[in-house]
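In: Got a predicted structure plus its sequence, pasted below:
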Amino acid sequence: MGELGEVTEYLYWSERRVSRLARENGIGQAARRSLAVKADVGVAGPHIQVESGNRGGELTLNEKADRIEAAVGRRAMEDIAGPPGVQFAKGRTGVSVSQFVGAEERPGMMFHIRTPNSAGRLVDVILFGSMDNVPEYVQKADVLEDGWTSSSAPFIEEFLASNGERCDCYDFPDGASYMAVDALQIALHQGSTTPQLGSGTVLEHRGYTLGRAGDAEWFARIYLDVEIDPDRWDLTAAERTERVLIGAPLWIRRPLGAPAFQPRRAWRLPRW
């Protein structure tokens, strides 16, 4: 994407996923090489010596990200309008940031992006990650630890832990569609205890929401890409979508000139 400039703030960075992808695909992530040229004139004439070393320093996160993005190339889809089967996705959109409460004692992270594609159809991208990969101010943001948690969450965790290879609970015909709808319900409604607040129109009121980034650049590995029929699943107008992607973010970042991450406590919420 390369349009953020040199100064960025990372809301999420998965060193483990970035390093693994680089290692498995021969993408260089080593420190910058520095070159020094020395010249002198001796009895035998001019002598030039070139020395190479690592004195250029470690790569910045931006440099690592740029190398990954360049190597993945067109496989990273920004306009999710083609046939299902997307392996990498990227975008610059608003992102809803929440805790993900599953089987693990410590909550994980969930990032929800809802965006139209070039055909005007809504696409929901739901990304799951580790709390260890976000800044401390995101970890410590106030959260409504209230309401219901999904019984499907442990199975989605299993699916992600296997890098999309296995999930016994959804191992049946059309199980992928069931998983996609379950993930959508978690992203829109987890923790909502009042129908009025659970309409999907006000994510601020769903439980476990930490905040939002109004203008963020994200890059993700996608493990599930499913087109769904809103009428078959009886989705409300606010829930209505035609495609759901589930995956894991490699990074989420914002230019420092863009709106800052807004913790939930800073929002002006309507009274119900």
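Out: Everything's here; your move.
In: Next, the closest residue to residue 215 other than its chain neighbours: secondary structure please.
Out: Spatial nearest neighbour of residue 215, excluding adjacent residues (CB to CB, 6 or more residues apart in numbering): residue 258 at 3.9 Å. In short, each C-beta sits where N, CA and C put it, glycine included. Assigned by DSSP: H, G, I helix; E, B strand; the rest coil, the conformation of residue 258 is coil.
In: Now residue 258: phi and psi?
Out: Residue 258 adopts backbone torsions of phi -80, psi 170, taken as degrees, to the nearest 10.
In: That one: what's it in contact with?
Out: By CB atoms under 8 Å, 6 or more residues apart in numbering, the contact set of residue 258 is 214, 215, 216.
In: Tabulate those (a markdown table), appending pLDDT and neighbour count.
Out: Output for the contacts of residue 258, formatted as a markdown table (pLDDT from 0 to 100; neighbours: other CB atoms under 10 Å):
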| residue | pLDDT | neighbour count |
| --- | --- | --- |
| 214 | 89 | 13 |
| 215 | 92 | 15 |
| 216 | 95 | 27 |
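In: if you look at these, which of them are in strands?
Out: 214, 215, 216 (DSSP state E).
In: Identify the residues contacting the second one.
Out: The contact partners of residue 215, by CB under 8 Å, 6+ apart, come to 92, 93, 94, 254, 255, 258, 259.
In: Is there a neighbour count for the fourth one? I'd like the number.
Out: Think residue 254. By the measure other CB atoms under 10 Å, the count of residues near residue 254 is 22.
In: Could you look up the SS state of it?
Out: Put simply, residue 254 is strand when judged by three-state DSSP.
In: same question, the third one
Out: Of the three states, residue 94 takes strand under three-state DSSP.
In: Quick check: the residue nearest to residue 215 vs residue 9, distance?
Out: As judged by CB to CB, to the nearest Å, residue 258 and residue 9 stand 9 Å apart.
In: Next: residue 114.
Out: Here residue 114 is placed at a distance of 23 Å from residue 9 (CB to CB).
In: Which one's more surrounded, the two?
Out: Shown here are residue 114 and residue 9; by other CB under 10 Å, residue 114 has more neighbours (19 against 16).
In: Residue 134 reaches residue 108, doesn't it?
Out: No - look at residue 134 against residue 108 with CB atoms under 8 Å: they stay out of range, at 10.3 Å.
In: picking up where we left off before, show me which of the contacts of residue 215 are buried.
Out: Applying 16 or more other CB atoms under 10 Å to these, the neighbour count classes 92, 93, 254, 255, 258 as buried.
In: want to throw the residues you listed into JSON lines with distance to residue 67 and pLDDT?
Out: What follows is the buried ones among the contacts of residue 215, written out as JSON lines (distance: CB to CB, whole Å; pLDDT from 0 to 100):
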{"residue": "92", "distance to residue 67": "19", "pLDDT": "95"}
{"residue": "93", "distance to residue 67": "23", "pLDDT": "95"}
{"residue": "254", "distance to residue 67": "20", "pLDDT": "91"}
{"residue": "255", "distance to residue 67": "19", "pLDDT": "80"}
{"residue": "258", "distance to residue 67": "23", "pLDDT": "82"}
